[in-house]
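S.K.: Mind looking at a prediction? Sequence and model below.
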Amino acid sequence: MKIFKSFLWMFFEHGLVLLSNLVTNIFLARLLLPEKYGVLSFCLSFSLLFLPLFQMGLNSIVTKEVVETDKQRFVVTNAIAIRLLGSILATLLAICILFFKSYERETETIIIVLLIGQIFLSFSVVEFWFQATFKTKVYSSIRSAVIFSFSIVKIGLAYYGIELVYIMAIFALESGTFSILTYMFFRKYTHGKETIAIDINYCFSLLKKSKWLIFSAFASMVYLKIDQIMIGSMLGNKEVAQYAVASKISEVWYFLPTIFVNAIFPKIIDIKKTSESKYRKTIDLTNSLLFYSALVIAGIVCLFSYDIINLLFGESYIQSTTVLQIHIWACVFIFMRALASKILIVEEIYHISLLSHGVGAIVNVCLNFYLIPLLGIEGAAYTTVFSYFVASVLVFLFNNKTRWIFVSMIGSLFNFLILRKT
């Protein structure tokens with residue numbers, strides 16, 4: 001029941017957040033038109049390249065640490081300290097890159113504003129304490145309220161023709177407000193239960209566990225967001241807008257595997273401790289559920305792609321239809337990757353995460369250099385789907401410790417039938 005309630009609250013929260021973000025993006029795309037919306041999408045993609053340093057690979061590790069220890073506040077406090085250090089490094093690195101790489105003044109200003117806003121995400125590490133302790137109701141309520149409120153503000157500013165830099169400042173303010181509120185509630189729930197202390201040795205211990213995940217997250221962010229940056233550099237902002245519209249609709253479904261896997265992750269850790277066979281069977285069944293869910297979603301969106309684009313974004317973005325018909329099939333691999341990422345944490349083979357995302361990033365960049373000039377934004381969509389397959393499925397075949405994950409993924413079509421009989 002704890003898992004089910006946790007899933008429901010995360011489903012409600014992610015659903016409302018994604019709906020708010022989708023509606024916001026629809027209004028922004030319609031009001032700003034492709035040129036300015038392309039600038040917005042480019043800046044968001046560029047700033048997200050540095051997100052791994054803001055997160056420092058601690059997401060699932062914090063959940064695991066909280067589940068396995070009584071010093072929960074101690075774990076979260078030290079994780080925040082590490083993230084703050086990473087945030088400062090990320091901001092400085094980004095500013096250095098902007099100094100040597102010439103962009104328009106407006107673009108540079110927007111990126112810096114977004115990076116400053118991401119510093120506050122250091123405190124959002126408390127999300128994983130809420131997940132591990134099944135107190136997702138509070139966290140979900142706060143996040144939903146903040147996202148919904150700021151979505152209205154963004155749409156209002158765009159409607160009245162406010163400059164893009166001020167609209168993007170609202171994105172930064174939104175991150176800060178949400179992070180501070182969640183941290184305040186975390187302090188309320190843990191107040192007086194244990195002392196707070198920054199332990200250098202423990203911080204190094206967390207960093208040792210997360211080092212592979214930091215590099216992995218960098219590689220992941222490259223093959224998730226580099227396409228829009230490369231499109232902007234090769235084709236222009238209007239093409240970025242067309243591609244971004246299709247990817248927004250495609251990526252809106254990614255919350256489903258995330259919340260489902262996050263909800264069952266603490267339970268998977270417990271099952272692993274008690275029974276290896278039950279653990280493997282749980283993985284097989286979960287892979288099948290994720291595979292079939294993604295297949296249905298991708299098929300429906302592909303079939304009605306023209307109507308979806310035309311209804312939501314209008315004639316100005318009809319070019320996005322073909323991109324969406326291709327891009328949506330990445331959904332199948334993303335759904336199963338959500339579980340695979342958690343398995344790597346449970347098995348403590350973090351370096352495989354780096355390997356998989358690294359290979360995906362290399363494939364993505366190389367194919368984009370070839371296919372974008374040849375096929376335009378459709379080429380970037382084909383590249384995305386193939387690189388997701390390589391990074392999320394194929395790479396697990398070539399390591400003895402992960403081959404069983406690959407087998408489970410490929411067997412997803414049959415696992416459900418087998419498990420029903422057993």
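M.R.: Cool, the structure landed.
S.K.: Work out the gap between the helix or strand where residue 241 lies and the centre of the chain.
M.R.: For residue 241, the enclosing helix or strand under DSSP states H and E is helix 237-251. Per C-alpha atoms, centre = their mean, to the nearest Å, the displacement of helix 237-251 from the mean C-alpha position of its chain is 16 Å.
S.K.: Packing partners of it?
M.R.: Judged by 3 or more C-beta pairs under 8 Å, 6 or more residues apart in numbering; DSSP states H and E, helix 237-251 is in contact with helix 2-48, helix 200-234, helix 305-312, helix 320-327, helix 377-392. Heads up, the C-betas are built off the backbone N, CA and C, glycines and all.
S.K.: which of the residues in the helix or strand just after that helix are buried?
M.R.: Later in the chain than helix 237-251, the nearest helix or strand by DSSP H and E is helix 255-274. Neighbour counts over helix 255-274 (16 or more other C-beta atoms under 10 Å) mark 255-257, 259-266, 268-269, 271-272 as buried.
S.K.: ditto for stretch 396-416
M.R.: Buried residues in stretch 396-416 (16+ other C-beta under 10 Å): 396, 402, 405, 406, 408, 409, 410, 412, 415, 416.
S.K.: And the furthest pair within these?
M.R.: Across these, the longest distance by C-beta to C-beta is 21.7 Å; it joins 402 and 416.
S.K.: check contacts around residue 261.
M.R.: 286, 338, 339, 341, 342 (C-beta atoms under 8 Å, 6 or more residues apart in numbering).
S.K.: run the last query once more with 10 Å
M.R.: Residues in contact with residue 261 (C-beta atoms under 10 Å, 6 or more residues apart in numbering) are 7, 60, 268, 286, 290, 335, 337-343.
S.K.: low-confidence ranges in the stretch 101-250 of the chain?
M.R.: For the stretch 101-250 of the chain, the stretches with pLDDT under 70 are 102, 128-129, 131-136, 191-196.
S.K.: show me the residues around residue 107 that make contact.
M.R.: By C-beta under 10 Å, 6+ apart, the contact set of residue 107 is 39, 40, 42, 43, 46, 98, 164, 165, 232, 237.
S.K.: hmm, I was thinking of residue 15
M.R.: Residue 15 sits next to 140, 144, 252, 255, 256, 259 when contact means C-beta under 10 Å, 6+ apart.
S.K.: between those residues, which is closest to residue 186?
M.R.: Looking across these and measuring by C-beta to C-beta, the closest to residue 186 is residue 140, at 14.0 Å.
S.K.: if I look at the closest one, how far off is residue 362?
M.R.: To residue 362, residue 140 is 37 Å away according to C-beta to C-beta, to the nearest Å.
S.K.: Compare these two and say which one has the larger neighbour count.
M.R.: Counted by other C-beta atoms under 10 Å, residue 140 and residue 362 do not tie: residue 140 has more neighbours, with 24 against 16.
S.K.: And stretch 367-382, how far out from the chain middle?
M.R.: 23 Å.
S.K.: That one spans what distance, first to last residue?
M.R.: 9 Å (C-alpha to C-alpha, to the nearest Å).
S.K.: Run through who's touching that stretch.
M.R.: 223, 226-231, 233-235, 239-244, 246-247, 250, 319-320, 322-330, 364, 383-384, 386-387, 390.
S.K.: and with 7 Å instead?
M.R.: Residues outside stretch 367-382 that contact it (C-beta atoms under 7 Å, 6 or more residues apart in numbering): 227, 230-231, 234-235, 239, 242-243, 322-323, 326-327, 383, 386-387.
S.K.: average pLDDT across that stretch?
M.R.: Stretch 367-382 shows an average pLDDT of 92 in the prediction.
S.K.: tell me which residues in it are buried?
M.R.: Along stretch 367-382, these residues count as buried under the neighbour rule (16+ other C-beta under 10 Å): 367, 368, 371, 372, 376, 377, 378, 379, 380, 381, 382.
S.K.: what does stretch 228-239 give?
M.R.: 228, 229, 230, 231, 232, 234, 235, 237, 238, 239.
S.K.: So what touches that stretch?
M.R.: Residues contacting stretch 228-239 (C-beta under 7 Å, 6+ apart): 34-35, 38-39, 41-42, 45-46, 240, 243-244, 368, 372-373, 376-377, 380.
S.K.: Pull out the buried residues from the strand or helix carrying residue 337.
M.R.: Using DSSP H and E, residue 337 sits in helix 330-347. Neighbour-count burial for helix 330-347 flags 330-346 (criterion: 16+ other C-beta under 10 Å).
S.K.: what packs against it?
M.R.: helix 59-68, helix 255-274, helix 276-303, helix 350-375, helix 377-392, helix 403-410 (3 or more C-beta pairs under 7 Å, 6 or more residues apart in numbering; DSSP states H and E).
S.K.: need those in a markdown table with distance to residue 203, can you?
M.R.: Output for those, formatted as a markdown table (distance: least, C-beta to C-beta, whole Å):
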| stretch | distance to residue 203 |
| --- | --- |
| helix 59-68 | 12 |
| helix 255-274 | 23 |
| helix 276-303 | 30 |
| helix 350-375 | 17 |
| helix 377-392 | 29 |
| helix 403-410 | 30 |
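S.K.: Just tell me which of those helices ends up closest to residue 108.
M.R.: The nearest among these, by C-beta to C-beta, is helix 350-375 at 23.1 Å.
S.K.: Look up phi and psi at residue 349.
M.R.: Backbone torsions of residue 349, given as degrees, to the nearest 10, read phi -120, psi 60.
S.K.: I'd like the distance between the closest residue to it other than its chain neighbours and residue 213.
M.R.: Leaving aside its chain neighbours, residue 349 sits nearest to residue 401 (5.5 Å; criterion: C-beta to C-beta, 6 or more residues apart in numbering). Plainly put, residue 401 is 16 Å away from residue 213 if you go by C-beta to C-beta.
S.K.: from the contacts of residue 107, which would you call buried?
M.R.: Judged by 16+ other C-beta under 10 Å, buried ones among these: 39, 40, 42, 43, 46, 98, 164, 232, 237.
S.K.: mind checking how far the residue nearest to the third one when sequence neighbours are not counted is from residue 375?
M.R.: This points to residue 42. Closest residue to residue 42 apart from its sequence neighbours, by C-beta to C-beta, 6+ apart: residue 232 at 4.5 Å. When distance is defined by C-beta to C-beta, residue 232 is 17 Å away from residue 375.
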